[in-house]
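1. just a sequence and a predicted model for now, questions to come.
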Amino acid sequence: MRIPWEKIVQEYGGVIAKVMAEVKTKYPTMVFPSSMLPASKADIKDAFDMFLEPGNFDLPKQQRSSMSSIYMVLDRFIDDEDAKAKDEEYQAFRKKAK
């Protein structure tokens, strides 16, 4: 069963808020595990296309710009193991730099 696009956009916004709040402590490399996403990347992209379709929502220009920024973060979600490896690599580098 497909999740309605409105719900995907809303849940994805919640995920973005969570990772941005934790970026300094939990995600210093600015890559995030894709398992956090409420749907596949393809479904999220489709949901944003629907959300921004003229006539679906009458968003002010500033909100449309914000939605574009939130959409761009989607590329920062990668395979969970790859995200973990990037964070571990960064932590090892930080130890050496001290």
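-> Nice, thanks for sending it over.

2. when you work out contacts or count neighbours from here on, use the C-alpha atoms and nothing else.
-> OK.

3. okay, how far is it across stretch 51-70, tip to tip?
-> Its start and end residues considered, stretch 51-70 measures 13 Å (C-alpha to C-alpha, to the nearest Å).

4. cool, and stretch 12-28?
-> Distance across stretch 12-28, first residue to last, is 20 Å (C-alpha to C-alpha).

5. list the buried residues of the helix or strand harbouring K95.
-> Using DSSP states H and E, the element containing K95 is helix 80-97. Residues of helix 80-97 classed as buried by neighbour count (16 or more other C-alpha atoms under 10 Å): A83, K84, K86, D87.

6. which one of those is nearest Y71?
-> Using C-alpha to C-alpha, A83 comes nearest to Y71 of these, at 18.9 Å.

7. tell me how far the closest one lies from P38.
-> Distance of A83 to P38, given as C-alpha to C-alpha: 17 Å.

8. just Q63 next, same as before
-> Relative to P38, Q63 is positioned 22 Å away (C-alpha to C-alpha).

9. of these two, which one has the most company?
-> A direct count of neighbours by other C-alpha atoms under 10 Å for Q63 and P38 places P38 higher, at 19 against 11.

10. surely the more buried one touches K7?
-> No. With contacts counted by C-alpha atoms under 8 Å, P38 stays clear of K7, the gap being 9.1 Å.
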